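[1] Next one to model:
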Amino acid sequence: MSKLKKFFFLIFFLFYISQVTAKQLSNNIVVSIDNSIITELDIKKEINFVNFINKNQIADNSGSLRNEILNILIDRKVKDIETNYYKIEISEKEIENNLNDFLQKIKINNDELNTFFNKNEIEKNYLKNTLTIELKWSKLVRQMYESRININLTEINKQLEKEEKNIEDDEKIKKQLIIIEKNKLLNKFATTHLEKSKKKYLIKFL
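    Now for the predicted structure:
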């Protein structure tokens with residue numbers, strides 16, 4: 001082998017080794033939750049995705065952002081494990097409707113989304129899978145805690161008295177206030193249940 005060929009071979013070999021090493025580093029396991037894991041690559045994907053849906057307005061790329069993203073991923077993984085344990089199912093139609101509503105809300109179309117996924121080497125169903133976990137979690141919380149909700153109608157009626165509306169408007173506002181109060185209580189139950197769930201599973205930082 002000539003010196004020139006040896007030189008090019010050495011350059012190629014070093015480049016290959018550096019690529020493999022970089023890939024291994026990006027796939028380092030950061031947290032294990034029972035039989036599930038979160039890697040550096042998972043954190044990078046989520047940071048890129050959060051920046052994407054926020055139109056790259058999140059300038060903070062420091063350790064605090066990484067820790068925040070890691071906590072989000074841990075919560076999501078626990079929710080996924082917990083909803084699978086209880087065999088919670090969501091219809092494909094509900095998932096698709098929720099996905100379309102979300103894209104409209106953030107003003108991003110499917111072409112933009114797919115372009116982002118391809119550019120960043122993220123699986124096409126990343127957003128869909130994330131929304132599915134949240135939908136299943138919400139359903140689980142409703143099934144477990146909705147019967148425990150006790151709406152204080154006296155307080156709601158007091159709020160209505162402050163509004164100078166007609167009877168028809170009162171009924172509409174009352175329904176809205178009940179829904180808002182109900183969702184507040186469900187969110188409290190959801191937070192409590194998530195913290196309890198975290199204690200059920202072995203969360204290990206590596």
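[2] Any stretches of this protein with poor pLDDT?
    1-26, 59-62, 163-170 (pLDDT under 70).
[3] Domains in it, by residue range?
    30-148, 150-201 (automatic domain parsing).
[4] Compute the first-to-last residue distance for the first one.
    From the first residue to the last, domain 30-148 extends over 37 Å; the measure is Cα to Cα, to the nearest Å.
[5] same deal with stretch 96-114?
    16 Å.
[6] For it, buried residues please.
    Asn98, Leu99, Phe102, Leu103, Ile108, Leu113 (16 or more other Cβ atoms under 10 Å). Where C-beta positions appear, they are placed from N, C-alpha and C, glycine not excepted.
[7] And for stretch 40-57?
    Neighbour-count burial for stretch 40-57 [16+ other Cβ under 10 Å]: Glu40, Leu41, Asp42, Ile43, Lys45, Glu46, Ile47, Asn48, Phe49, Asn51, Phe52, Ile53.
[8] Which ones among these map onto helices?
    Glu40, Leu41, Asp42, Ile43, Lys45, Glu46, Ile47, Asn48, Phe49, Asn51, Phe52, Ile53 (DSSP state H).
[9] related to what we said a few turns ago, rebuild the buried residues of stretch 40-57 as a markdown table, extending it with distance to Ala190.
    Output for those, formatted as a markdown table (distance: Cβ to Cβ, whole Å):
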| residue | distance to Ala190 |
| --- | --- |
| Glu40 | 28 |
| Leu41 | 28 |
| Asp42 | 23 |
| Ile43 | 24 |
| Lys45 | 25 |
| Glu46 | 20 |
| Ile47 | 24 |
| Asn48 | 27 |
| Phe49 | 22 |
| Asn51 | 26 |
| Phe52 | 26 |
| Ile53 | 22 |
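[10] related to what we said a few turns ago, buried deepest among the domains of the chain, which one?
    Mean neighbours per residue, mean count of other Cβ atoms under 10 Å, is largest over the domains of the chain for domain 30-148, with a mean of 15.
[11] What is the subsequent helix or strand relative to the helix or strand where Lys175 lies?
    When elements are assigned from DSSP states H and E, Lys175 belongs to helix 167-200. As assigned by DSSP H and E, the chain's next helix or strand after helix 167-200 is strand 203-205.
[12] From the chain's centre, how far out is that following strand? Work that out for me.
    19 Å (Cα atoms, centre = their mean, to the nearest Å).
[13] can you list contacts of it?
    For strand 203-205, the external contacting residues (Cβ atoms under 8 Å, 6 or more residues apart in numbering) are Val30, Val31, Ser32, Ile33, Ile74, Val78.
[14] Tell me the buried residues in it?
    Buried residues in strand 203-205 (16+ other Cβ under 10 Å): none.
[15] Neighbouring strands - and their directions - for it?
    strand 29-33 (antiparallel) (DSSP bridges).
[16] tilt between the partner strand and helix 40-53?
    Orientation check (axes from the mean of the first three to the mean of the last three Cα atoms, to 10 degrees): strand 29-33 against helix 40-53 gives 90 degrees.
[17] residues in contact with strand 29-33?
    Counting by Cβ under 8 Å, 6+ apart, 37-40, 42-43, 70, 73-74, 77-78, 81, 201-206 sit against strand 29-33.
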